[in-house]
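K.L.:
here you go, sequence then predicted model.
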Amino acid sequence: MKRARGGVRACWGLAGLTAAMVLLPAQSAAAQEVTFARDVAPILYENCVTCHREGSFAPMSLLTYEDARRYARAIGYRVANRQMPPYHVDRTVGIQSFANDVSLSDDEIQTIVRWVEAGAPRGDDRDLPPPPVLPVGGAWQAEVLVGRPPDLVIHSTPYTVPARGQDQWWNPLVKWEPLGEERWMMAYEFKPAYPNGLKVAHHGHASLSFPSDQGMRGGVGIAHYGVGKGYEIFPDGVGMKVPAGEGVVDWNIHYSSLHVEDDVPNDVVDVGIWFYPRGETPEMATEGEVLFRVDGHNSYDRPMNRANDILIPPNGYQVLQGVHVLEQPTLISSFRPHIHTRGKEMSMEAIYPDGRREMLGKVDDYKHIWQLGYEFTEDAKPLLPKGTVLLFSTVFDNTADNPLNPDPNQWVVFGRRGPDEMNHMWVNITYLSDEQYEEIRAGRESTPIAQAR
Ligand code: HEC
């Protein structure tokens with residue numbers, strides 16, 4: 001099957017379904033008929049229908065045979081090209097061990113491809129797996145994993161998102177009621193309103209600012225959202241500190257409604273916060289997702305006023321790199337590139353103090369609609385000594401070969417709208433003491449990280 005897969009992938013990318021069918025080994029399709037009921041439905045139920053169902057942000061439901069049959073060709077194409085489920089990690093380089101790896105196995109892809117090739121047969125309904133358990137629309141997703149509803153819910157203020165609108169930003173400042181005592185966050189969820197808010201909220205952030213007397217530097221970035229990333233649960237023993245007193249929630253919501261037919265009136269986003277029990281201080285304090293800019297501003301706490309390095313010629317490319325020196329030992333738990341429609345690749349490498357270089361994570365098929373974060377599994381989380389340099393590299397493709405390119409004849413510069421560019425990566429950072437670093441390192445020596453990869 002390995003050989004066939006290579007052929008299928010290369011070929012479908014270029015010429016579409018018909019040519020791929022010719023390449024498939026005929027005997028494998030003939031050996032046993034692949035049916036929807038027995039072979040395909042389990043794959044769709046497991047990997048697709050959490051999104052492809054009524055009331056979700058995906059374009060169509062894939063719950064029934066009729067649904068799937070109507071889209072069979074598109075399903076075959078998207079699956080064979082590894083465009084669905086959305087997961088854009090370069091499979092040839094860097095760490096491959098992600099807790100939220102949703103990609104299909106080669107066998108699953110082959111099953112779907114063979115089904116499409118065979119004319120999408122229904123099979124016997126008695127072979128169908130039990131209907132999938134779907135997430136309840138509007139429910140907190142993290143609640144299931146944490147085991148209880150959020151301890152605190154905060155709300156943005158209402159904003160009416162116009163039908164077929166351009167990019168819009170909604171940045172209300174909302175009072176943060178004092179907690180009365182210092183608390184440690186263990187999880188958050190950024191939840192657009194169900195069902196209509198989900199279709200227009202593209203990404204967003206909620207940060208907390210406190211008066212300087214509470215010992216906070218720039219505030220706390222409590223919650224981050226992007227299509228494909230809704231919540232975050234910190235590992236056991238890791239938390240984010242929230243001061244006791246009064247503060248302000250600074251909302252930054254990016255709405256996008258170009259393809260939405262009706263106004264979405266008075267949209268409100270909720271953020272749910274889960275705390276560690278009162279009085280419990282986790283061993284490690286995380287910064288959460290920290291923004292690393294690769295656009296001429298390497299410092300993440302400067303205002304977003306200029307980003308002169310982005311200058312992409314018409315019908316051309318630009319490669320940009322940025323570096324950031326880690327002043328403390330660091331554990332990285334996830335990364336999430338943020339570039340726009342010309343953005344094609346983005347990677348994060350470590351240059352260790354001894355000069356060794358290692359690719360940590362790379363996305364080679366970036367798609368602006370998706371704001372996916374890739375969460376390393378526990379043993380694969382990069383553990384970096386003090387003095388390590390993080391090197392970020394981005395490739396922008398402003399040619400007509402880039403299918404998402406709105407106009408290859410434009411010069412492209414920095415800007416917040418989708419047709420302009422941005423260039424940063426959100427990286428989940430936990431700074432460690434020397435002792436904590438040594439402890440994790442010693443623990444890993446018994447299970448070498450190389451094996452986890
Ligand atoms: C995380 C949510 C999510 C998952 C999981 C997911 N999809 Fe999608 N899918 C989307 C969204 C959103 C779009 C539209 C945007 C895009 O094309 O990226 C889409 C687009 C598609 C399209 C193109 C539809 C068209 O009109 O051409 C197909 C086909 C598809 N998905 C099939 C699948 C299959 C098959 C699976 C499982 C193997 C799957 N998807 C898993 C969200 C998802």
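P.N.:
Nice, thanks for sending it over.
K.L.:
for the stretch 301-450 of the chain, which residue gets nearest to the ligand?
P.N.:
Of the residues in the stretch 301-450 of the chain, the one nearest the ligand is Ile369, at a distance of 5.3 Å by C-beta to the nearest ligand atom. Just so you know, the C-beta spots here come from the backbone N, C-alpha and C atoms, and that holds for glycine as well.
K.L.:
next, the contact list for the residue nearest to that residue when sequence neighbours are not counted, please.
P.N.:
Ranked by C-beta to C-beta, 6 or more residues apart in numbering and with sequence neighbours excluded, the top spatial neighbour of Ile369 is Val227, at 6.0 Å. With contacts taken as C-beta atoms under 8 Å, 6 or more residues apart in numbering, Val227 has the following neighbours: 57, 202-203, 369-371.
K.L.:
quick check on these: which are buried?
P.N.:
With neighbours counted by 16 or more other C-beta atoms under 10 Å, those contain buried members at 202-203, 370-371.
K.L.:
any idea how far Gly137 is from the ligand?
P.N.:
Gly137 sits 14 Å away from the ligand, going by C-beta to the nearest ligand atom, to the nearest Å.
K.L.:
number of residues surrounding that residue?
P.N.:
12 (other C-beta atoms under 10 Å).
K.L.:
hmm, it is touching Pro195, no?
P.N.:
Yes: here Gly137 reaches Pro195: they are 6.0 Å apart, a contact under C-beta atoms under 8 Å.
K.L.:
shared neighbours of the two, anything?
P.N.:
When contacts are counted by C-beta under 8 Å, 6+ apart, Gly137 and Pro195 have 55-56 as shared neighbours.
K.L.:
quick revisit: got CSV for the contacts of Val227, with pLDDT and secondary structure too?
P.N.:
CSV is the format used below for the contacts of Val227 (pLDDT from 0 to 100; DSSP: H, G, I helix; E, B strand; the rest coil):
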residue, pLDDT, secondary structure
Phe57, 84, coil
His202, 91, strand
His203, 91, strand
Ile369, 88, coil
Trp370, 91, coil
Gln371, 89, coil
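K.L.:
identify the residue nearest whichever residue of the stretch 151-300 of the chain sits closest to the ligand in space, chain neighbours excluded?
P.N.:
Among all residues of the stretch 151-300 of the chain, Gly228 sits closest to the ligand, at 5.5 Å; criterion: C-beta to the nearest ligand atom. In this structure, Gly228 finds its nearest non-sequential neighbour in Leu372, 4.4 Å apart by C-beta to C-beta, 6+ apart.
K.L.:
with Ile43 instead?
P.N.:
Glu108 is the one closest to Ile43 (C-beta to C-beta, 6+ apart), at 5.1 Å.
K.L.:
okay, now that neighbour: neighbour count?
P.N.:
Using other C-beta under 10 Å, Glu108 is surrounded by 17 other residues.
K.L.:
can you check Thr92 too?
P.N.:
Thr92 sits with 9 neighbouring residues when counted by other C-beta under 10 Å.
K.L.:
what does the one 3 residues further on give?
P.N.:
Other residues within reach of Ile95 by the criterion other C-beta under 10 Å amount to 23.
K.L.:
what's the answer for the one 10 residues further on, then?
P.N.:
Other residues within reach of Ser105, judged by other C-beta under 10 Å, total 9.
K.L.:
and if you look at the one 4 residues further on?
P.N.:
The criterion is other C-beta under 10 Å. On that basis, Ile109 has 21 neighbouring residues.
K.L.:
with the one 5 residues further on instead?
P.N.:
Around Arg114 there are 22 other residues, counting by other C-beta under 10 Å.
K.L.:
the one 4 residues further on too?
P.N.:
Residues near Ala118, counting by other C-beta under 10 Å, number 14.
K.L.:
and the gap between it and Gly76?
P.N.:
Here the criterion is C-beta to C-beta, to the nearest Å. By it, Ala118 lies 11 Å from Gly76.
K.L.:
overlap in contacts of those two?
P.N.:
In the contact map built from C-beta under 8 Å, 6+ apart, no residue is linked to both Ala118 and Gly76.
K.L.:
which elements pack onto whichever helix or strand Leu360 is part of?
P.N.:
Secondary-structure element containing Leu360, defined by DSSP states H and E: strand 357-363. With contacts taken as 3 or more C-beta pairs under 8 Å, 6 or more residues apart in numbering; DSSP states H and E, strand 357-363 sits against strand 330-339, strand 343-351.
K.L.:
how does it look with 10 Å?
P.N.:
strand 330-339, strand 343-351, strand 374-375, strand 389-397, strand 423-431 (3 or more C-beta pairs under 10 Å, 6 or more residues apart in numbering; DSSP states H and E).
K.L.:
distance to the ligand and mean pLDDT added to those, as TSV?
P.N.:
Converted to TSV, those look like this (distance: least, C-beta to the nearest ligand atom, whole Å; pLDDT from 0 to 100):
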stretch	distance to the ligand	mean pLDDT
strand 330-339	14	96
strand 343-351	15	98
strand 374-375	14	95
strand 389-397	18	97
strand 423-431	18	94
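K.L.:
would you mind giving those as JSON lines with mean neighbour count added?
P.N.:
Supplementary listing: these in JSON lines, determined by neighbours: other C-beta atoms under 10 Å:
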{"stretch": "strand 330-339", "mean neighbour count": "24"}
{"stretch": "strand 343-351", "mean neighbour count": "21"}
{"stretch": "strand 374-375", "mean neighbour count": "22"}
{"stretch": "strand 389-397", "mean neighbour count": "21"}
{"stretch": "strand 423-431", "mean neighbour count": "23"}
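K.L.:
can you list those strands in JSON lines and add distance to Ile273?
P.N.:
Listed next are those as JSON lines, based on distance: least, C-beta to C-beta, whole Å:
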{"stretch": "strand 330-339", "distance to Ile273": "19"}
{"stretch": "strand 343-351", "distance to Ile273": "28"}
{"stretch": "strand 374-375", "distance to Ile273": "19"}
{"stretch": "strand 389-397", "distance to Ile273": "28"}
{"stretch": "strand 423-431", "distance to Ile273": "17"}
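K.L.:
out of the ones you listed, which is closest to Gln141?
P.N.:
Distances from Gln141 to each of the helices and strands packed on strand 357-363 were compared by C-beta to C-beta, and the smallest falls on strand 374-375, at 14.3 Å.
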